[in-house]
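> Here is my input; please provide its structure:
(4 chains)
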There are 2 protein chains.
Amino acid sequence: MNRSASIKDVANHASVAVGTVSNVLNYPDRVSQRTKERVLRAIDELGFVRNDAARQLRAGHSRTIGLIVLDVGNPFFTSVVRAAEDAAALQGSAVLLGDSGHDASRESNYIDLFQEQRVQGLLISPVGDVTARIDQLRERGVPTVLVDRLADESKYSSVSVDDDAGGYLAARHLLDTGRRRLAFVGGPTSIRQVADRLQGAERAVKEESDATLEVLDSDGQTVLAGRSVGNLLVERGPGELPDGIFCANDLLALGVMQSLTMTHTLRIPEDIALIGYDDIDFAVSAVVPLSSIRQPTEALGRTAIELLAEELESENPKHRAVIFTPELVVRQSTAPAKGSSAR
Amino acid sequence: MNRSASIKDVANHASVAVGTVSNVLNYPDRVSQRTKERVLRAIDELGFVRNDAARQLRAGHSRTIGLIVLDVGNPFFTSVVRAAEDAAALQGSAVLLGDSGHDASRESNYIDLFQEQRVQGLLISPVGDVTARIDQLRERGVPTVLVDRLADESKYSSVSVDDDAGGYLAARHLLDTGRRRLAFVGGPTSIRQVADRLQGAERAVKEESDATLEVLDSDGQTVLAGRSVGNLLVERGPGELPDGIFCANDLLALGVMQSLTMTHTLRIPEDIALIGYDDIDFAVSAVVPLSSIRQPTEALGRTAIELLAEELESENPKHRAVIFTPELVVRQSTAPAKGSSAR
DNA sequence: TCGTATTAATGAAACGATTCAAAACAACCA
DNA sequence: TGGTTGTTTTGAATCGTTTCATTAATACGA
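As a prediction, this is how the structure comes out:
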């Protein structure tokens, strides 16, 4: 059996018209019990499987949604993807996944591919400026929702996380547990996320007249970069040290933690409290379990699908920019210092 | 502009027949320079994009390959996926990715979906026993290659990694660097991978008459499980300790490392050498950079696509089971003990 | 200028599902 | 029995490509 059975084969086998087979598949109520059974038996006997290509050719659109992320290996996106897939499945759509790997040309290739596939809509965490491309897609009836990027609500729908709020949350937590000499460790502030988190932290520190915030630039966002910063810290005199450190992500924090704990002169959290960002799996199983800021990735993925559904339903575009607030996860690395009066 | 332009629109706009437009797209050589230019201009002006559904309806098959993995969040699979995507792109196919999440029903849903999409073939890292399903697919002309699972070569093609060899490699390395009292730390040996790695290690140890191997059961394969095992070790008397530990994966090894380094009584690698498995990103940035066994994930993904291509080309099935050998990655955690004569 | 060989362009048919107006059938009452 | 209403079933038309047998155009030599 080389060619798979078509609806016509099923119709012949069951001695009915093709339209009837189609009705059994799509509008079972229109078909009498008797013929329905005959048709279903024929389907079973022939091992008939719907040809989706023919289906969507007729329908004019597919039942798939394109999703392009910057890096599927990044747990943040992995989680967003999974939530989006689940939400899409609920409304009967499947997700086509593309990984741009921060590469604009790969991104462009995926948009081309998805356009050929006539996806219902596109979710994209863009590499560069894709507004022109998105506008063009919309003209052709393919709505787009931006993911992990705040967009001008009058023009596009988007889902994003408030990094400023996350930074505030982290710094506020350090202050609330009695720390006053804070330090921010983060890569180049040209990265929006880093800049926003720093800004939020500054906002929190300004609320306390006796608190200070020192900014320590890191060379990237890796464990090794964090260790370098940590090594600089341990060489300082006791009076020059911060008592609370907020790292722009968990990898940096783990690196800092390594330096501080390796030398055995500084204890976490007694001498220095430490908090990261992202709440990666490793945070909980660090030598000292790491406090962190968790991003609502499931909500991001789910909401992105919902916004897309909204765009698909209404003809006139009424876009929404949904901004989520991250969540503080407290662990041992920021346990209150002895004798401090946490408010 | 609601409906996107079709090949017919392009033909009208350029005052040629539809067949000519199709030829410009598929066989540019058959078309004269002049008309080719006219058609291309029309395509550009109308923003024409091929409708892939119509295309594959005509062709009878798609240009996509289905890939179902157990967990996209697992770096092992992430890497396999990326390699498969790249290899597929080279031969002009795209990969549809499905994440079964170790759930047989999700797996089954993806197989259904891919069958409706008329994928050219299927790569699958199966949850349960899918042989019946695979046989059925093959009858309908959809070949399948098993990924990360060794299959009976007379029946199926597969790509897998030799865990026994990996275990041997790890233990042999510990022996070669002078260690003699080895320990294996690993979860339930009901997991095939764990059992095979242990078996390989035993094989290496048997080669040295003066070497011993102790098996320490861990409760799962996590950092915390490793730390528990490590805590038991540090309570032992000096004479009862192993001098080389092989952990069934890197997470366990990192946990063991945490326990040993936290107490400051035992040094890595001077007192105890430590080697893991998988070579995750964290291995290199551990407090003591961790030696590990790297699995050739890129080769797995690439080869899976190649085997699928072989199955697609030849009508009569001549399957191959390709087994890859993992690779030793030496880092500081297994640096030779002082004064030992590594051979 | 004519015939022939070569190259280019044409357009109907096919792929397989869905849709929908029309036909067939069934049920019911007068 | 005939008419009316409601329920099932039918099958041609359609979606947008590609294919391929035909036809048209062009080039070339005698």
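> Break down the stretch 101-250 of chain A into its strands, ranges please.
Secondary structure of the stretch 101-250 of chain A by DSSP state E, counting those that start in this stretch: the strands cover A:121-124, A:144-147, A:157-161, A:181-186, A:212-217, A:244-247.
> Contact partners for the residue of the stretch 151-300 of chain A at minimum distance from DNA strand C?
Ranked by CB to the nearest atom of the strand, the top residue of the stretch 151-300 of chain A for proximity to DNA strand C is A:Ser157, at 27.3 Å. Backbone N, C-alpha and C define where each C-beta goes, glycine included. By CB atoms under 8 Å, 6 or more residues apart in numbering or on different chains, the residues touching A:Ser157 are A:143-146, A:151, A:307-308, A:310-311, A:319-322.
> Looking at these, which is nearest A:Arg267?
Distance to A:Arg267 across the contacts of A:Ser157 (CB to CB) is lowest for A:Val322, with 41.4 Å.
> Can you tell me the closest non-neighbouring residue to the closest one?
Of all residues not flanking A:Val322 in the chain, A:Val159 sits nearest, at 4.9 Å (CB to CB, 6 or more residues apart in numbering or on different chains).
> Verify the stated contact: the one you found with A:Asp148.
Yes. Taking CB atoms under 8 Å as the definition, A:Val159 is a contact partner of A:Asp148 at 7.3 Å.
> who's more crowded, the two?
Neighbour count, other CB atoms under 10 Å in any protein chain shown: between A:Val159 and A:Asp148, A:Val159 has more, with 29 against 21.
> partner residues bridging that one?
For A:Val159, the beta-bridge partners are A:Val147, A:Val322 (DSSP bridges).
> And it, what's its pLDDT?
At A:Val159, the model reports a pLDDT of 97.
> and stretch A:130-144 with chain B, contact?
Yes. For stretch A:130-144, a contact with chain B is found by CB under 8 Å from any CB of the partner chain, at A:Gln136, A:Glu139, A:Arg140, A:Gly141.
> Return the closest of those with respect to B:His13.
A:Arg140 (16.4 Å).
> Quick check: closest non-adjacent residue to that closest one.
B:Ser4 (4.8 Å).
> residue contacts, that neighbour?
Shown in contact with B:Ser4 (CB under 8 Å, 6+ apart): A:Arg140, A:Gly141, B:Gly47, B:Phe48, B:Val49, B:Asn51.
> Contact partners for the last one?
The reference is to B:Asn51. For B:Asn51, the contacting residues are A:Leu57, A:Glu116, A:Arg118, B:Ser4, B:Ser6, by CB under 8 Å, 6+ apart.
> Angles on the backbone of it, please.
With angles defined as degrees, to the nearest 10, B:Asn51 sits at phi -90, psi 110.
> Restrict the helix or strand hosting A:Leu40 to CA atoms and write it as PDB.
For A:Leu40, the element it lies in under DSSP states H and E is helix A:33-46. Only the C-alpha atoms of helix A:33-46 are listed here, as PDB (Å, rounded to 0.1, in the frame of the first residue of the first chain):
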ATOM      1  CA  GLN A  33     -26.500   6.600  12.600                       C
ATOM      2  CA  ARG A  34     -26.500   3.800  10.100                       C
ATOM      3  CA  THR A  35     -24.400   5.400   7.400                       C
ATOM      4  CA  LYS A  36     -22.100   7.000  10.000                       C
ATOM      5  CA  GLU A  37     -21.300   3.500  11.200                       C
ATOM      6  CA  ARG A  38     -20.600   2.300   7.700                       C
ATOM      7  CA  VAL A  39     -18.400   5.200   7.000                       C
ATOM      8  CA  LEU A  40     -16.400   4.900  10.200                       C
ATOM      9  CA  ARG A  41     -15.900   1.200   9.500                       C
ATOM     10  CA  ALA A  42     -14.600   2.000   6.100                       C
ATOM     11  CA  ILE A  43     -12.300   4.600   7.500                       C
ATOM     12  CA  ASP A  44     -10.900   2.100  10.000                       C
ATOM     13  CA  GLU A  45     -10.500  -0.700   7.400                       C
ATOM     14  CA  LEU A  46      -8.700   1.600   5.000                       C
END
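> And it, what does it pack against?
Counting contacts by 3 or more CB pairs under 8 Å, 6 or more residues apart in numbering or on different chains; DSSP states H and E, helix A:33-46 is packed against helix A:7-14, helix A:18-26.
> which secondary structure elements does the helix or strand of chain A with the lowest mean pLDDT contact?
Averaged element by element with mean pLDDT, DSSP states H and E, chain A has its least confident helix or strand at strand A:94-99 (a mean of 89). Contact partners of strand A:94-99 among helices and strands, from 3+ CB pairs under 8 Å, 6+ apart: strand A:64-69, helix A:75-90, helix A:104-116.
> Show me what the first one is in contact with.
Think strand A:64-69. By CB under 8 Å, 6+ apart, strand A:64-69 touches A:77, A:80-81, A:84, A:88, A:93-100, A:107, A:110-111, A:114, A:117, A:119-126, A:147, A:305, A:308.
> now the second one
Residues external to helix A:75-90 that are found in contact with it (CB under 8 Å, 6+ apart): A:65, A:67, A:69-72, A:94-95, A:97, A:123, A:125, A:147-148, A:278, A:280-281, A:295, A:297-302, A:304-306, B:72-73, B:78, B:99, B:101.
> Next, count neighbours for A:Val322.
Close neighbours of A:Val322, defined as other CB under 10 Å, add up to 18.
> By proximity to DNA strand D, which residue of the stretch 51-200 of chain A wins?
Counting by CB to the nearest atom of the strand, the stretch 51-200 of chain A gets nearest DNA strand D through A:Arg58, at 3.8 Å.
> and the helix or strand hosting that residue with helix B:52-59, angle?
A:Arg58 is located in helix A:52-59, with elements delineated by DSSP H and E. Helix A:52-59 runs at 130 degrees relative to helix B:52-59, counting by axes from the mean of the first three to the mean of the last three CA atoms, to 10 degrees.
> now helix A:52-59 against helix A:7-14, angle please.
Angle between the axes of helix A:52-59 and helix A:7-14 is 110 degrees (criterion: the same axes, to 10 degrees).
> So which bits of chain A are right by DNA strand C?
By CB under 7 Å from any atom of the strand, the residues of chain A that approach DNA strand C are A:3, A:6-8, A:18-19, A:21-23, A:25-26, A:48, A:50-51, A:54-55, A:57-59.
> Quick check on these: which are buried?
Buried residues within the residues of chain A next to DNA strand C, counting neighbours by 16 or more other CB atoms under 10 Å in any protein chain shown: A:Ser6, A:Ile7, A:Val21, A:Ser22, A:Asn23, A:Leu25, A:Phe48, A:Arg50, A:Asn51, A:Ala54, A:Arg55, A:Leu57.
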